[in-house]
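Novice: Give me the fold of what follows.
(4 chains)
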4 protein chains.
Amino acid sequence: MIIQLSKHITADQRDQLIAAITKLGYKANGVTTQVANYIVAIGKKEFDIRTLGNLPGIEDIHRVSDDYKLVSNKWKVNRTVIDLGDGVRIGDGSLAIMAGPCSIENEKQIQDTIDHLKQNGVRIMRGGVFKPRSSPYAFRGLGIEGLKLWYSLAKQSGIKIVTEVMQVSQIAEMVDYVDVFQVGARNTQNFNLLDELGKVDKPVMIKRGISGTIEELLYSAEYVFSAGNEKLMLCERGIRTYERASRNTFDINAIPILKEKTHLPVIADPSHGIGIREFVEPVALAAAVAGADGVIYETHQKPEEAFSDGQQTLDFAESARLINKLNKIQQLSFGN
Amino acid sequence: MIIQLSKHITADQRDQLIAAITKLGYKANGVTTQVANYIVAIGKKEFDIRTLGNLPGIEDIHRVSDDYKLVSNKWKVNRTVIDLGDGVRIGDGSLAIMAGPCSIENEKQIQDTIDHLKQNGVRIMRGGVFKPRSSPYAFRGLGIEGLKLWYSLAKQSGIKIVTEVMQVSQIAEMVDYVDVFQVGARNTQNFNLLDELGKVDKPVMIKRGISGTIEELLYSAEYVFSAGNEKLMLCERGIRTYERASRNTFDINAIPILKEKTHLPVIADPSHGIGIREFVEPVALAAAVAGADGVIYETHQKPEEAFSDGQQTLDFAESARLINKLNKIQQLSFGN
Amino acid sequence: MIIQLSKHITADQRDQLIAAITKLGYKANGVTTQVANYIVAIGKKEFDIRTLGNLPGIEDIHRVSDDYKLVSNKWKVNRTVIDLGDGVRIGDGSLAIMAGPCSIENEKQIQDTIDHLKQNGVRIMRGGVFKPRSSPYAFRGLGIEGLKLWYSLAKQSGIKIVTEVMQVSQIAEMVDYVDVFQVGARNTQNFNLLDELGKVDKPVMIKRGISGTIEELLYSAEYVFSAGNEKLMLCERGIRTYERASRNTFDINAIPILKEKTHLPVIADPSHGIGIREFVEPVALAAAVAGADGVIYETHQKPEEAFSDGQQTLDFAESARLINKLNKIQQLSFGN
Amino acid sequence: MIIQLSKHITADQRDQLIAAITKLGYKANGVTTQVANYIVAIGKKEFDIRTLGNLPGIEDIHRVSDDYKLVSNKWKVNRTVIDLGDGVRIGDGSLAIMAGPCSIENEKQIQDTIDHLKQNGVRIMRGGVFKPRSSPYAFRGLGIEGLKLWYSLAKQSGIKIVTEVMQVSQIAEMVDYVDVFQVGARNTQNFNLLDELGKVDKPVMIKRGISGTIEELLYSAEYVFSAGNEKLMLCERGIRTYERASRNTFDINAIPILKEKTHLPVIADPSHGIGIREFVEPVALAAAVAGADGVIYETHQKPEEAFSDGQQTLDFAESARLINKLNKIQQLSFGN
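Specialist: As a prediction, the model looks like this:
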């Protein structure tokens, strides 16, 4: 049960409400976000909702039968829209495109990518400065200095930054230089990280775990929301299956299922979803037509020289062709 | 290695050729299809292809490094097109739509479906008369009498029939009443059935196994082709994964991967691929935009009364809407 | 609901009983096996069991809430024991050992294997004469002549034969030469084959599907039992997962779960379960200690020269060592 | 390539060695652990090992073809033994038993468990004070105060503590109160956490990821070792598959495979591995007989009242019976 509190609720009224919830055998979890105040009440007994509804200080009460609550589609009137400023919005009905290299490498690479994006009307750039790598001996990213360099170049061009945060201690040093914090597939259930990202007023994109269920992804988002951050989106990036012909199995089913279960924007990552450069395009188009709010993919001036993930990275010509096709998909009117 | 034989090859020349192949340490498998004669030579040693190429009676020789040979994309100039007659073709660049109930139930249901298909310009009807069911106590289909009834109605309307064959002994009784034999997901590796279907001059659509790999699907097709039947297509219908939010995980990656690996048409089954009625449409559209040559889905006048699979079956209004959208996808020109 | 019929039930009494069942809204499935007559009643409504229990001709009535009925552990007093004759029994509390090559190759290989088994007190020999192979160009087995040769040698030595049957038409030609029909992992849901094996009075061992669930395996056994054959056992042989360090993932959990769900003997196949020769032994021991009624594994005089599966085949020294350890496991008394 | 450095190597000699490695086109990673100094050289070119071997300050050089190096079985003469003090050792050939509740709940529960363990000769107690939970509204553990309470009681009884650490900031506050840090299945690839645990002189047990591969588990251990901590063990706890009859699929294959690939002790967690109380015992016995160095399982005075995981938790009678059987397995001599 989600209880939206009135802005004018007094402390006494709030205490009274919590007492009433507790008396019903429910546990009251207070949630304060950038947008509103809620009490999420967890319990199982049936009761007459009017018992609470008549108390002062309440704006609205919603029964939500899902185990995740605040991210559920069952209570919110409008879908969540993420506003990155300067007219860049995700989840407003348009198709958001985010592109860039796997790893941020150097100034020239950043600038080349920015130029490519600008020429093609893309406003959000992806890239990693903290890289989770299976082997401790692999390249682990340029770190915070790389991010600052990237930020200075991106800001000049009006390009927004989405990049991965790997641990709690990085949040504070990164927060001024990112537009969207990305939680990677290996950290989807790093609950401490999610808790802390709930305390920040910056959008967060959570990738589905390497073999995470759709439900677990929603729970992970519930962590961030319940800790105070409503600016959330989810990302399908392929799951681990027995099939070896592709790096991962992009779960196209997850797109419409997530759109139905949650009010949060749903992004598709076809690069990791299939892991094979020549097939990134059809998977991206498929995700778009299936209802994704955005697509995030890897592109690099020279994929074969990329520090990481070159085998699934588009060159700029391929990227431009994909953007063009995505735009055509978006303009496709089914007239219903 | 695939050796296409000349139509004018003599028995002596053929013997000489086989002797030469055997001398190279290869095993020669003779293959005679509706279309041509081949020798598929299996072996590992490297040799100078001219050793064979100069022998009489050979039209062409192709090295095929894949373990499957005849179904590989590496030797055939043109993609396979399946012609069902009366202008109904699969794999010719258009998008083939096949729709109908899970199970054939009775005359009215058949006629209702045919009427629905005709109104929407669909030429191929799916339906099951032999139903593989997990439980021996479940409805197992109307059998051959159901097929004959269906055939008589379909023929009057110019509708083609695709239906599942479950065992070798059914082939002969079914062959005059079907346009496409479907091999179901539980029989993808029923090698005896595949062998026998190779001896028939009717198109065969092989569904991917419940947890079959893409490679295994290609091998299964190789069985049918090498036994003499080139009229083959493949069907992606979702795979078994850990995810429980959908019945299966539709492997969208398989569409472009199969298109690249084989010259055979690739069909998508979104009904089984996601297993949830309301989401069949986005998965169907996704498959179409990713390059599928056709879509096969379940529709029924009253899905809630269907003998089987009602939870993933579209009603006729939903079906008409899907057909309309699929047609729009098909008209979408990316101009490349 | 399973209704065991009295041996003395009259045709009239049986008709009366079926009428009563039908009136309750249940579907009555008559089942006649080598051992007894049953009616399996399928339906959902609750009713007072005495409505039926008082009718004449009934020996016992059992409510079975599982969807599979006859193979369920919930009604049978004693576990099923398979008697192969000459004192060879499976499921009687001892640990049955079945060993032999993947493929039957020639007379010498058969005799060598028989000698090895006899020296080590093993009474059942495995081997394939009809081989399901992914590629149509691979060795497909010696066929029925190979089986006859094997049978003549085995009979002389008192060795029992377990071998795979791939299709319905093979049953009749094989039946006189096998002691146990094996249904392979690719045929677990070949329902026509299961139906026909239900009509034979020879034991059947069903292998779990390549990615079959435990429940599907039980349903497959229900096919055979309900078609008339109670002489059944099940075999865990590893499932398909994402892990690539082993050929399959042996599902050790399935051993105790199957033993609890069904009264049928449960056999373990560690050779396919892990697929790596040096690790067959620990998996075999693990299955035995977890409660398996038997172990089936591959052994060959010279594994490196075996026609198939050499990489997971023990040589005779390794096989002798495993047998010795399995015997020690069996003698281990936990005293509870 | 792993280069073990002499204790007497001078700074100059070390610089010279690194220069020589770099000149060969390899990257030199210096590693200092509690036990020794190494240089791990990563590269691909072939070269004559004597080029380096003759330099001063080297104790030994090992080629290791695996991508993980320090945890590989290919260079270390002896298997790793973890000494927890007071005669409690893991990996020395005995079978280590670790048992206790899922969550630490209160003083009485701790003391009851300690009493149970002492009565049955178990020296290591498991329990969670920081609990990773899918839902943010679930019980998240007693935290550091719970750990301190537990420590004071355990110390009096000579019981060692293994408990999960969830994030970097917890290491310092926990380090004085734990004997083994456990890295949970959701943190197997939390590389920052692994790095930091490499700087601590306390044993670490890494659980396999929820759908982690065996290779990824070894890489995660490589992180800890290469950051300086050799006191490491690995834990198989079941993987995520399609099978729904058990919570996870315990990968029995992983036990012998890990034992062959690494010199680290391998522990089995049957509680999470199957997730069903009545079947924990057979899985535990199976793991022991397959070669595990230890077993960790959940036990509680009253499983039905446990704060978490009650459905897979043994009561003390079941626990005592399991310990008794594990001891018998351990005494089993195969005489080889």
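
Novice: quick one: which helix or strand includes the residue nearest to A:Val178 when sequence neighbours are not counted?
Specialist: The shortest distance from A:Val178 to any non-neighbouring residue, by C-beta to C-beta, 6 or more residues apart in numbering or on different chains, is to A:Ile161 (5.2 Å). No exception for glycine: its C-beta is placed from N, CA and C like everyone else's. Assigned by DSSP states H and E, A:Ile161 belongs to strand A:160-164.

Novice: got it, and A:Leu52?
Specialist: helix A:50-53.

Novice: Give me the packing partners of that helix, helices and strands only.
Specialist: Secondary-structure packing of helix A:50-53 (3 or more C-beta pairs under 8 Å, 6 or more residues apart in numbering or on different chains; DSSP states H and E): helix A:11-23, strand A:58-62.

Novice: just to revisit the earlier point, any idea of the mean pLDDT in the next helix-or-strand element following the strand holding A:Ile161?
Specialist: Following strand A:160-164 in sequence order, the next helix or strand is helix A:168-174 (DSSP H and E). When the per-residue pLDDT values of helix A:168-174 are averaged, the result is 97.

Novice: Check which helices and strands helix A:168-174 is in contact with.
Specialist: The helices and strands touching helix A:168-174, judged by 3+ C-beta pairs under 8 Å, 6+ apart, are helix A:143-157, helix A:191-197, helix D:168-174.

Novice: Quick check: chain neighbours aside, which residue is closest to A:Ile329?
Specialist: The spatial neighbour of A:Ile329 that comes closest, neighbours along the chain excluded (C-beta to C-beta, 6+ apart), is A:Ala288 at 4.6 Å.

Novice: residue boundaries of the strands in the stretch 1-150 of chain A?
Specialist: When assigned using DSSP state E, counting those that start in this stretch, the strands of the stretch 1-150 of chain A occupy the ranges A:2-5, A:27-32, A:37-42, A:58-62, A:82-85, A:88-90, A:96-100, A:124-126.

Novice: and the angle from the fourth one to helix A:11-23?
Specialist: Spelled out, that is strand A:58-62. Here strand A:58-62 runs at 20 degrees with respect to helix A:11-23, directions being taken by axes from the mean of the first three to the mean of the last three C-alpha atoms, to 10 degrees.

Novice: Return the list of strands paired to strand A:58-62, each annotated with direction.
Specialist: Looking at strand A:58-62 with DSSP bridges, its partner strands are strand A:2-5 (antiparallel).

Novice: So what's the gap between the strand it pairs with and the chain middle?
Specialist: The gap between the average C-alpha position of strand A:2-5 and the chain average comes to 24 Å, counting by C-alpha atoms, centre = their mean, to the nearest Å.

Novice: Look up how far A:Asp176 lies from whichever residue of the stretch 51-200 of chain A sits closest to chain B.
Specialist: Among all residues of the stretch 51-200 of chain A, A:Asp66 sits closest to chain B, at 12.0 Å; criterion: C-beta to the nearest C-beta. In this structure, A:Asp66 and A:Asp176 are 35 Å apart, going by C-beta to C-beta, to the nearest Å.

Novice: ok, back up a step: hmm, who's touching the helix or strand encompassing the residue nearest to A:Ile329?
Specialist: Of the helices and strands defined by DSSP H and E, A:Ala288 is found in helix A:280-289. Applying C-beta atoms under 8 Å, 6 or more residues apart in numbering or on different chains, the contact partners of helix A:280-289 are A:95, A:236, A:250, A:252, A:255, A:268, A:270-271, A:273-274, A:295, A:297-298, A:312, A:314, A:318, A:321-322, A:325-326, A:329-330, A:332, B:252-253, B:255-256, B:282, B:285-291, B:329.

Novice: if we can go back for a sec, who's more crowded, A:Asp66 and A:Asp176?
Specialist: Neighbour comparison, A:Asp66 and A:Asp176: the larger count goes to A:Asp66, with 16 against 10 (by other C-beta atoms under 10 Å in any protein chain shown).

Novice: Excluding chain neighbours, what is closest to that one?
Specialist: Excluding its sequence neighbours, the residue lying closest to A:Asp66 (C-beta to C-beta, 6+ apart) is A:Ser72, at 4.6 Å.

Novice: What about A:Gly228, how many residues nearby?
Specialist: For A:Gly228, the tally of surrounding residues (other C-beta under 10 Å) stands at 17.

Novice: before we move on, what about A:Asn78?
Specialist: Under the neighbour criterion other C-beta under 10 Å, A:Asn78 is assigned a count of 7.

Novice: how much space is there between it and D:Val283?
Specialist: On the measure of C-beta to C-beta, A:Asn78 and D:Val283 end up 49 Å apart.

Novice: try A:Ala36
Specialist: Taking C-beta to C-beta as the criterion, A:Ala36 is separated from D:Val283 by 48 Å.

Novice: In contact with A:Val71, which residues?
Specialist: With C-beta under 8 Å, 6+ apart as the criterion, the residues that contact A:Val71 are A:218, A:221-222, A:225, A:232, A:262-264.

Novice: tell me the contacts of the residue nearest the centre of chain A?
Specialist: Chain A has A:Met205 as the residue nearest its centroid, 2.0 Å off, counting by C-alpha atoms, centre = their mean. Applying C-beta under 8 Å, 6+ apart, one finds that A:Met205 lies in contact with A:162, A:180-183, A:232-235, A:267.

Novice: could you list every residue that touches A:Val183?
Specialist: If you count contacts by C-beta under 8 Å, 6+ apart, A:Val183 has them with A:164-165, A:190, A:193-194, A:197, A:204-207, A:220.

Novice: now with 10 Å?
Specialist: Listed by C-beta atoms under 10 Å, 6 or more residues apart in numbering or on different chains, the contact set of A:Val183 reads A:164-166, A:189-190, A:193-194, A:197, A:204-207, A:209, A:220-221, A:223-224, A:235.

Novice: What of A:Arg89?
Specialist: By C-beta under 10 Å, 6+ apart, A:Arg89 lies in contact with A:81-83, A:96, A:123, A:265, A:293.

Novice: swap in A:Asp315?
Specialist: Counting by C-beta under 10 Å, 6+ apart, A:Asp315 makes contact with A:116, A:277, A:299-304.

Novice: which bits of the stretch 101-250 of chain A sit near chain C?
Specialist: Taking C-beta under 10 Å from any C-beta of the partner chain as the test, the list of the stretch 101-250 of chain A residues beside chain C reads A:210-211, A:239-244, A:248-249.

Novice: Within reach of chain B, which of the residues you listed are there?
Specialist: Checking these against chain B by C-beta under 10 Å from any C-beta, the ones in range are A:211, A:239-244, A:248-249.

Novice: Which two among these are spaced furthest apart?
Specialist: Of all pairs drawn from those, the widest gap by C-beta to C-beta lies between A:Ser211 and A:Arg244 and measures 15.2 Å.

Novice: Please say which of those two ends up with more neighbours.
Specialist: Residue environment comparison for A:Ser211 versus A:Arg244 gives the larger neighbour count to A:Ser211, 22 against 11, counting by other C-beta under 10 Å.

Novice: what about the closest residue to that one other than its chain neighbours, distance to A:Pro136?
Specialist: Spatial nearest neighbour of A:Ser211, excluding adjacent residues (C-beta to C-beta, 6+ apart): D:Ser211 at 3.3 Å. With distances taken as C-beta to C-beta, D:Ser211 is found 21 Å from A:Pro136.

Novice: The residue of the stretch 51-200 of chain A closest to chain B against A:Asn73, yeah?
Specialist: Yes - between A:Asp66 and A:Asn73 there is a contact under C-beta atoms under 10 Å: 8.7 Å.

Novice: Quick check: neighbours shared by these two?
Specialist: When C-beta under 10 Å, 6+ apart defines a contact, the residues bordering A:Asp66 and A:Asn73 alike are A:218, A:261-262.

Novice: Listing request: residues of chain A with sub-threshold pLDDT.
Specialist: Filtered on pLDDT under 70, chain A yields the residue ranges A:335-336.

Novice: how about the residue in it that chain D sits nearest to, secondary structure?
Specialist: Using C-beta to the nearest C-beta, A:Ser211 is the residue of chain A that sits closest to chain D, at 3.3 Å. Following DSSP: H, G, I helix; E, B strand; the rest coil, the label given to A:Ser211 is coil.

Novice: Now stretch A:298-313: buried residues?
Specialist: Of the residues in stretch A:298-313, those buried by neighbour count under the rule 16 or more other C-beta atoms under 10 Å in any protein chain shown are A:298-301, A:303, A:306-310, A:312-313.
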